[in-house]
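Trainee: Structure for the following, please:
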Amino acid sequence: MIYAVHYTYAPEQAAVRDEHRPAHREWLRAGVDRGDVLSSGAYPDGSGALIVIRAGSQAAAETFMADDPFAAVGATADVRIVQWTPTMGALSDID
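Mentor: Residues are numbered from 1 along each chain as shown. A predicted model of the protein is given here:
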């Protein structure tokens with residue numbers, strides 16, 4: 001199953017994100033290498049980010065995201081994890 005993870009950023013957390021961004025990106029790269037992270041990127045307006053992941057269940061997606069270094073330091077104002085079913089395009093062929 002594929003999950004869309006929406007991060008919401010708050011301006012007052014910017015310094016925390018900047019400090020922990022290298023560890024966050026290392027964690028993302030490891031997820032890409034394992035096939036858990038399909039894509040990720042910040043919104044250009046700085047309001048947050050989107051991470052597209054593969055997980056076997058909602059609980060597994062939540063467990064995976066809890067390992068993000070950003071989670072450990074409270075670098076996001078909100079995290080929303082929703083199952084997503086792409087119907088067209090590059091991600092639509094992924095199980």
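Trainee: Could you look up the SS state of the spatially most central residue of the chain?
Mentor: Centroid-nearest residue in the chain, with Cα atoms, centre = their mean: Ile51, separated by 3.3 Å. Here Ile51 takes the strand state, with states given by DSSP: H, G, I helix; E, B strand; the rest coil.
Trainee: mind listing the helices for the chain?
Mentor: With DSSP state H as the criterion, the chain has helices at 14-34, 58-66, 69-73.
Trainee: quick one on the thing from earlier: residues contacting the residue nearest to the centre of the chain?
Mentor: Ala4, Val5, Tyr7, Leu28, Val37, Ser39, Ser40, Met65 (Cβ atoms under 8 Å, 6 or more residues apart in numbering). Yep, even glycine has a C-beta here, placed from its N, CA and C like the rest.
Trainee: thinking again about what came up before, go through the helices of the chain and name the closest to Asp45.
Mentor: helix 14-34 (13.4 Å; Cβ to Cβ).
Trainee: helices and strands around the closest one, which ones?
Mentor: Counting contacts by 3 or more Cβ pairs under 8 Å, 6 or more residues apart in numbering; DSSP states H and E, helix 14-34 is packed against strand 37-42, helix 69-73.
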